[in-house]
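1. Give me a model of this one.
(one chain, ligands or ions: 1)
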Amino acid sequence: MNTKSHMPLTNSLFCFLFLSSFVCGQLDYKYYDATCPNLTKIVRYGIWSAISNETRMAASLLRLHFHDCFVNGCDGSVLLDDTSTFTGEKNAPANRNSARGFEVIDAIKANVEKACPSTVSCADILTLAAREAIYLTGGPYWSVSLGRRDSLTASQSAANAQIPSPFEPLENITAKFVSKGLDIKDVVVLSGAHTIGFAQCFTFKQRLFDFDGSGNPDPTLDSSLLGNLRSVCPNQNDSDSNLAPLDAVTINKFDNVYFKNLMNNSGLLQSDQALMNDNNTASLVSTYSKYPYLFSKAFAASMVKLTNLGVLTGQDGEIRKNCRLVN
Ligand code: HEM
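-> Residues are numbered from 1 along each chain as shown. The predicted model follows:
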């Protein structure tokens, strides 16, 4: 007899009879209330101290969380180092020399392990870290449901296929979001994350000197911003990793100025400014540029959708002891 085929029924009966639903495959706001009551405080302190040390870290952690969730779900896979059995996401071109914040997550995880060993997943820590980072930077606060488990592997090819590139057209980017169950509004709203943080020159340099092989700058780039960016990113290879703020007006503040910038032809990435080339997305940009409260509310709602993508729960995956390694 195949005993395996009876497992799901036995499991659900066990869950139904003996355990509350949150330990049986569902995320729950109170997931760690009994097992790690100080979790939020520990994460909050870790984020506060990381941001006090370097303001940009808020942006870096938000992006790290996005790159985790967009590649096979929010499962901490982006945190795994490469091993002899898999080439992971850390060294995919979108992340290598670009994704930041791994040490901050390691430090928070170490404190969480001290307080509640082998209890809290790295995926949940990263999710809480992003929420705390945005709140401390002036952005909205949202409730995070917990109980994500950590992946047993990571995939560089999945990262290459799934993370949007600043060089691809809006339709491709939108298709990537839609394939995850997100929509065009989420594309606009979550792009508003580019109200904080920095980009390396190579991610937008072709707009400054040779747009689409024209030998001229991108005509949709404000001329005074063009001048400033050309001085940060001179037309030579050794400027590729120099940094420019994604929102040069309020660099470290999570606000709606990103959208005002787009209205003024001052988006940094081509994929940012492209939101003005489509009637639907341009109209959302215009709304968020005028109504900061609507953006704040919408950002929290889209983040909740993002943070719940493809999560592992119940018996799937594991609780890593060290976020960089499978147990
Ligand atoms: C819509 C498609 C998106 C594209 C094409 C894109 C592309 C990029 C690129 C090229 C950079 C600069 C990386 C570097 O120079 O090393 C960047 C930075 C950043 N991205 Fe995005 N991104 C997108 C969506 C998002 C989303 C959805 C979020 C979060 C919800 C996000 C958050 C950030 C943040 C906060 C930074 C600054 C990171 C730092 O300063 O360390 N991005 N993005």
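
2. Now do stretch 319-327, average pLDDT.
-> Looking at stretch 319-327 alone, the average pLDDT works out to 98.

3. Now do it: everything it contacts.
-> Contact with stretch 319-327 is made by 76, 79-81, 83, 102, 105-106, 109, 113, 117-122, 125, 149-150, 152-153, 318, as judged by C-beta atoms under 8 Å, 6 or more residues apart in numbering. Any C-beta I mention is one placed from the backbone N, CA and C, and that applies to glycine too.

4. just stretch 260-267 next, same as before
-> Applying C-beta under 8 Å, 6+ apart, the contact partners of stretch 260-267 are 194, 220-222, 225, 247-249, 258, 272-273, 275-276, 285-286, 289.

5. Can it be said to contact the ligand?
-> No. Applying C-beta under 6 Å from any ligand atom, one finds stretch 260-267 separated from the ligand by no less than 11.3 Å.

6. for that stretch, what is the average pLDDT?
-> Stretch 260-267 comes out at a mean pLDDT of 98.

7. Now that stretch: buried residues?
-> By neighbour count on 16 or more other C-beta atoms under 10 Å, the buried set for stretch 260-267 is K260, N261, L262, N265, S266, G267.

8. Closest one of the residues you listed to V188?
-> L262 (9.6 Å; C-beta to C-beta).

9. which secondary structure element contains the closest one?
-> According to DSSP states H and E, L262 maps onto helix 257-263.

10. Just the CA trace of the helix or strand just after that helix, in PDB.
-> With elements assigned by DSSP H and E, the helix or strand that comes after helix 257-263 is helix 270-273. The C-alpha trace of helix 270-273 is given here as PDB (Å, rounded to 0.1, in the frame of the first residue of the first chain):
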ATOM      1  CA  GLN A 270      14.600  54.400 -18.500                       C
ATOM      2  CA  SER A 271      12.100  52.000 -17.000                       C
ATOM      3  CA  ASP A 272      11.100  54.700 -14.500                       C
ATOM      4  CA  GLN A 273      10.500  57.400 -17.100                       C
END
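
11. Span of stretch 214-232 from start to end?
-> End-to-end span of stretch 214-232 (C-alpha to C-alpha, to the nearest Å): 21 Å.

12. Tell me, please, the helix or strand in the protein that averages the lowest pLDDT.
-> helix 7-18 (a mean of 40; mean pLDDT, DSSP states H and E).

13. The ligand contacts on the stretch 51-200 of the chain?
-> Residues of the stretch 51-200 of the chain lying near the ligand by C-beta under 6 Å from any ligand atom: 56, 59-60, 62-63, 66, 98, 100, 164-166, 173, 187, 190-191, 193-194, 196-200.

14. again, 5 Å this time
-> Contact residues (C-beta under 5 Å from any ligand atom) of the stretch 51-200 of the chain with the ligand: 59-60, 62-63, 66, 98, 100, 164, 166, 173, 190-191, 193, 197-200.

15. Which of the residues you listed fall in helices?
-> In helices, defined here by DSSP state H, the members of those are A59, S60, L62, R63, F66, I173, L190, S191.

16. would a markdown table of those with neighbour count and pLDDT be doable?
-> Listed next are those as a markdown table, based on neighbours: other C-beta atoms under 10 Å; pLDDT from 0 to 100:
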| residue | neighbour count | pLDDT |
| --- | --- | --- |
| A59 | 27 | 98 |
| S60 | 21 | 98 |
| L62 | 24 | 98 |
| R63 | 22 | 98 |
| F66 | 21 | 98 |
| I173 | 19 | 98 |
| L190 | 19 | 98 |
| S191 | 27 | 98 |
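
17. Just the closest of the buried residues of stretch 260-267 to Q206, please.
-> Nearest to Q206 among the buried residues of stretch 260-267, with distances taken as C-beta to C-beta, is G267, at 14.5 Å.

18. From the centroid of this protein, which residue is nearest?
-> In the chain, the centroid-proximal residue (C-alpha atoms, centre = their mean) is F66; its distance is 1.8 Å.

19. And the nearest residue to I163 once chain neighbours are set aside, how close does it get to R148?
-> Nearest residue to I163, sequence neighbours excluded (C-beta to C-beta, 6 or more residues apart in numbering): A94, at 4.3 Å. For A94, the distance to R148 (C-beta to C-beta, to the nearest Å) stands at 22 Å.
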